[in-house]
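**Student:** Requesting a structural model of the entry that follows:
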Amino acid sequence: MTADTLLPALTASARHAVHPAADTDCSCATEDALLADRDDGTVVRHGDTVAKAHAPDTDPAALARRLSVSADLPGVLLPPLDRAPAALLGRQVTLWPYGSPVDPDTPDAAPWEAAATLLARLHRAPVPVGLPPMRGPLKAARAIGRLRAAGPHPGAAAVLRAWAGLPDWARAQAPMAARALCHGDLHLGQLVRHPAPDGPWLLIDVDDLGAGDPAWDLARPAAWYACGLLPPDAWLRFLTAYQDAGGPAVPAEGDPWPALDVAARALTVQTAALAVAKSAAADRPLDEVQQAVVDACDRMSGESPELGQGFAT
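**Tutor:** Now for the predicted structure:
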């Protein structure tokens, strides 16, 4: 199946959701929009409805369970339009209301407090029976697999050394402690305002949702801060808001790094692995941000087990 086949069918699904009584070739004034087209998902919009084709290896039963969780946590997760995915050309498709995303051109207005508060509420919610494990470590392991398949690169050795130093659970080689309901892939692209454009912020993308260690959901901003890529004030805003909302991943007071260290290392390795793989595939050097995470992996190899606030130095 090619994108030329999937995109028209996915767009037709979105159109049918908006105009169920009309032909899929409706001639309404609303334009279709391609919001994302990646290996792990293709997303299109028609009016106020979004249709997503999930990754080809998506388990429909696990996805349905995650959709139910999203539907049952209003005010935290964006609720789907249907609790059950539909099959389309060998892909699982879900329908969602449209929400306004974070504006990447206004970093000073990034909703760090909202993200942290939503995470704390998610982590404090009961873990539903039968929910699959959170898939964060699996994504890190896949990034390493992509790195190994990409061919020689001067940054690869440092990333692989840092990976080897992580505990088995962080490398998806042992069960993760199922302490909380976790998002699994938290970053600012996972927040939207709904109703658009000025409604409250909500979390989106349930593909990695599951039971696991809540520290993983704080790991990406923690890693960015430790690598010097997230300003200290933004990190402090995020961390403080999470603690004020009663988030269980870190202590309410005191040093948060013992709880965050392993997950922050793992997210740093994941980010570096993808950066090196893309660099090798495109035969181009790492950019400044990519080099920063590879350098952090190099420092990990010679440091004590806990990075703490010295990670960036």
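
**Student:** Please count neighbours and contacts with C-alpha atoms only from this point.
**Tutor:** OK.

**Student:** D32 against D48, yeah?
**Tutor:** No - shown here, D32 and D48 do not form a contact pair, counting by Cα atoms under 8 Å, at 10.5 Å.

**Student:** So for those two, which residues contact both of them?
**Tutor:** Common contact partners of D32 and D48 (Cα atoms under 8 Å, 6 or more residues apart in numbering): none.

**Student:** Now the closest residue to A84 other than its chain neighbours: phi and psi?
**Tutor:** The shortest distance from A84 to any non-neighbouring residue, by Cα to Cα, 6 or more residues apart in numbering, is to A64 (5.2 Å). The phi/psi pair for A64 (degrees, to the nearest 10) reads phi -60, psi -40.

**Student:** by contact count, what packs against the helix or strand of the chain with the lowest mean pLDDT?
**Tutor:** Taking mean pLDDT, DSSP states H and E as the measure, the chain has helix 3-18 as its least confident helix or strand, at a mean of 90. In terms of contacts (3 or more Cα pairs under 8 Å, 6 or more residues apart in numbering; DSSP states H and E), helix 3-18 is packed against strand 41-46, strand 49-54, strand 91-97.

**Student:** just the angle between the first one and strand 49-54, please?
**Tutor:** Translated: strand 41-46. 160 degrees (axes from the mean of the first three to the mean of the last three Cα atoms, to 10 degrees).

**Student:** where along the stretch 151-300 of the chain do the strands fall?
**Tutor:** Under the criterion DSSP state E, counting those that start in this stretch, the stretch 151-300 of the chain contains strands at 180-182, 191-193, 201-203, 210-212.

**Student:** Figure out which of those is closest to A9.
**Tutor:** Of all these, strand 191-193 sits nearest to A9, with 25.0 Å by Cα to Cα.

**Student:** Which residue comes closest to D217 once chain neighbours are left out?
**Tutor:** L186 (5.5 Å).

**Student:** which intervals of this protein have sub-threshold pLDDT?
**Tutor:** Scanning the chain for pLDDT under 70 picks out 1-3, 22-27, 303-313.
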